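Engineer: below is the sequence, then the predicted model.
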Amino acid sequence: MDKKIPLSLSFDDVLLIPQKSRVLPKNIITESIFSRNIGLNIPIVSAAMDTVTESKMAIAVAREGGIGIIHKNMSIERQAEEIDKVKRYESGMITNPITLGPKNKIHEAVDLMHRYEISGIPIIDKALKIVGIITKRDILFLDNLEENIEKRMTKEIELITAKKGTTFDNAKKLLQKYKIEKLPIIDDNKRLIGLITIKDIIKKELYPMAAKDKFGRLFVGAALGVTEDIIERANELVKMNVDCFIVDTAHGHSSGVINAIKKLKSKFSNIDIIAGNVATARAVKDLALLGVDAIKVGVGPGSICTTRVIAGVGVAQFTAIYECSYEAKKYNVPVIADGGIKYSGDIVKALAAGASSVMIGGLLAGTDESPGSTEIHEGRKFKIYRGMGSIDAMKAGSSDRYFQSDVSKFVPEGVVGKVPYSGTVKEVIYQLTGGIRSGMGYVGCKTITKLQKNAKFIRITSAGLRESHPHDIIMTKEPPNYEPMR
């Protein structure tokens, strides 16, 4: 054991020093990188937790400019379906639209419309030629859902289509001219090659900050565990156009994780692989040498994580980010700060310490879009939020994250709790990004890169922490970006 024990600091132990500034918050650029090949418009990532991120959360976060990571506490088929929902939700042109044949039953079309929240389905023959389209209007008030689709669809002769190479602006004009919602794109042989919808055009205008891939689809990632079916699961997710994998474990500096990364890298060279969680520079070096595309930092800082009290292991999050980011820069690997974020000011500190983005669980768990169940307690609305190391979550499938897949009785490293209802993701992110812009303005940094280069920190005492928070008053109403995780 080393005789010298170093100091480890949390977000509450430090403050950013204000500096001369010519930068107004409205002019701040919040663009950052998530991994080597994925850029974001805001540095916010929703956590791969089963009470935080499924498709609704991932869609909402990506529309605001971030990215969501779909948790893995579900079957391979369902996780693939959740990824598919995100990738199909918005697109410049849908290159692989959902289709049916003319002999399919109407109830099959109804099921697909409900599952993917779409209003119409192109109908193609065996040669992939478009022969019609069926929409909700075609089957409105229809009682017999066993009829063949061809009896109710709008036939090809009445259909408005566009040829391959049609520009987005021309497609918009056709949709407007003919007052239609969907424009099938066909090749010279009338084979369906894509679909442009009025809904996608509206979404593009409503969410200009959305984080998208080169095809105009929302970014989304998926968590993988160090399990025997990791390649099988990854294969199915790739079919749904997932943008990245996170090898998600409580201890990323371990042989199981290293072997998993090697397998994934050899099989999926065109998908970004992210590894975590770690808390030391040595771990960053070892993972970086494997060629990972980003590293997730944080061992035990989460509000529902008990790793530090159960196992006695961890590094306070500010120090972990600072030291890991310093090492990661040598290899040009982005760092994702995972856990410990209680306020928007903590995000600014994490970014200034070297992180390129922050992964958030608790601050998003209380939103409409989180999958956690809702409870009413003493007249107030709450949502359930649980750690992936809790007994309930491990029973649901996350035991491999804590290397307990082969035990008869779990030792929990997380708890189940509830967080106050906080409205929509859009509202929460507005407050968080507002805090980021304000913090960067105080230190005179227009971009996150400049923040990381020019930021100066000062350590504070417990008295300084008390002074930092509202004090000596009875608060009648807390601002939406202040209420801490309890």
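Structural biologist: Received the coordinates, thanks. Numbering: from 1, shown residues only.
Engineer: can you pull up the most central residue in the chain?
Structural biologist: G68 (0.6 Å; Cα atoms, centre = their mean).
Engineer: mind checking the SS state of that one?
Structural biologist: strand (DSSP: H, G, I helix; E, B strand; the rest coil).
Engineer: how many neighbours does the nearest residue to it once chain neighbours are set aside have?
Structural biologist: Nearest non-adjacent residue to G68, counting by Cβ to Cβ, 6 or more residues apart in numbering: A58, 2.9 Å away. No exception for glycine: its C-beta is placed from N, CA and C like everyone else's. Here the number of neighbours of A58 (other Cβ atoms under 10 Å) works out to 30.
Engineer: so A58 is in which element?
Structural biologist: In this structure, A58 sits in helix 55-64 according to DSSP states H and E.
Engineer: and that helix, what does it pack onto?
Structural biologist: In this structure, helix 55-64 packs against strand 44-46, strand 67-70, helix 76-89, helix 425-442, with contacts taken as 3 or more Cβ pairs under 8 Å, 6 or more residues apart in numbering; DSSP states H and E.
Engineer: buried residues in the helix or strand bottoming out on mean pLDDT in the chain, which are they?
Structural biologist: Least confident helix or strand of the chain, by mean pLDDT, DSSP states H and E, is helix 198-206 with a mean of 82. With burial defined by 16 or more other Cβ atoms under 10 Å, the residues of helix 198-206 counted as buried are 198-201, 203-204.
Engineer: what do you get for stretch 161-176?
Structural biologist: By 16+ other Cβ under 10 Å, the buried positions in stretch 161-176 come out as 161-162, 166, 171, 175.
Engineer: check stretch 318-326 too.
Structural biologist: Result for stretch 318-326 [16+ other Cβ under 10 Å]: buried residues 318-325.
Engineer: do the same with stretch 261-277
Structural biologist: 261, 263-264, 268, 271-277.
Engineer: go on, stretch 402-422?
Structural biologist: Using 16+ other Cβ under 10 Å as the test for burial, stretch 402-422 gives 402, 404, 410, 412-415, 417-419, 421-422.
Engineer: where does the closest residue in space to V292 that isn't next to it in sequence sit: helix, strand or coil?
Structural biologist: Once flanking residues are discounted, V292 sits nearest to A275: 4.7 Å by Cβ to Cβ, 6+ apart. Local secondary structure at A275 is given as strand here, using three-state DSSP.
Engineer: A275 is in contact with G252, isn't it?
Structural biologist: Yes: at 5.1 Å, A275 counts as touching G252 under the criterion of Cβ atoms under 8 Å.
Engineer: separation between V131 and D125?
Structural biologist: 5 Å (Cβ to Cβ, to the nearest Å).
Engineer: common neighbours of the two, please.
Structural biologist: P102 (Cβ atoms under 8 Å, 6 or more residues apart in numbering).
Engineer: more crowded one of these two?
Structural biologist: Neighbour tally, V131 and D125, criterion other Cβ under 10 Å: the higher count belongs to V131, 20 against 16.
Engineer: can you give me the pLDDT of the more buried one?
Structural biologist: pLDDT for V131: 91.
Engineer: quick one: the helix or strand it falls within to chain centroid distance?
Structural biologist: In this structure, V131 sits in strand 130-135 according to DSSP H and E. On the basis of Cα atoms, centre = their mean, to the nearest Å, strand 130-135 is displaced by 34 Å from the centre of the chain it belongs to.
Engineer: thinking again about what came up before, save the buried residues of stretch 261-277 as JSON lines, and put in pLDDT and distance to S75 too.
Structural biologist: Listed next are the buried residues of stretch 261-277 as JSON lines, based on pLDDT from 0 to 100; distance: Cβ to Cβ, whole Å:
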{"residue": "I261", "pLDDT": "97", "distance to S75": "24"}
{"residue": "K263", "pLDDT": "96", "distance to S75": "21"}
{"residue": "L264", "pLDDT": "97", "distance to S75": "20"}
{"residue": "F268", "pLDDT": "95", "distance to S75": "20"}
{"residue": "I271", "pLDDT": "96", "distance to S75": "21"}
{"residue": "D272", "pLDDT": "97", "distance to S75": "24"}
{"residue": "I273", "pLDDT": "98", "distance to S75": "22"}
{"residue": "I274", "pLDDT": "98", "distance to S75": "22"}
{"residue": "A275", "pLDDT": "96", "distance to S75": "24"}
{"residue": "G276", "pLDDT": "87", "distance to S75": "23"}
{"residue": "N277", "pLDDT": "95", "distance to S75": "24"}
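Engineer: tell me which of those residues is nearest to L145?
Structural biologist: I271 (39.4 Å; Cβ to Cβ).
Engineer: circling back: contacts made by the least confident helix or strand of the chain with the rest, please.
Structural biologist: Contacts of helix 198-206 (Cβ under 8 Å, 6+ apart): 63, 90-92, 94, 119, 168, 172, 175, 180-182, 210, 216.
Engineer: of these, which one scores lowest on pLDDT?
Structural biologist: G92 (70).
Engineer: can you pull the contacts of K446?
Structural biologist: Counting by Cβ under 8 Å, 6+ apart, K446 has contacts 23, 27-29, 440.
Engineer: can I get the residues you listed in TSV with pLDDT, distance to D346 and neighbour count?
Structural biologist: Below are those laid out as TSV (pLDDT from 0 to 100; distance: Cβ to Cβ, whole Å; neighbours: other Cβ atoms under 10 Å):
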residue	pLDDT	distance to D346	neighbour count
V23	93	21	18
N27	95	23	11
I28	96	17	21
I29	97	20	15
M440	97	14	27
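Engineer: about what we covered before: and the helix holding A58 with helix 198-206, angle?
Structural biologist: 50 degrees (axes from the mean of the first three to the mean of the last three Cα atoms, to 10 degrees).
Engineer: give me the distance between helix 55-64 and the centre of its chain.
Structural biologist: 7 Å.
Engineer: compute the inter-axis angle for it and helix 425-442.
Structural biologist: Going by the same axes, to 10 degrees, helix 55-64 makes 40 degrees with helix 425-442.
Engineer: re earlier: which residues do A275 and G252 both contact?
Structural biologist: 287, 295-296.
Engineer: what about V257, neighbour count?
Structural biologist: 24.
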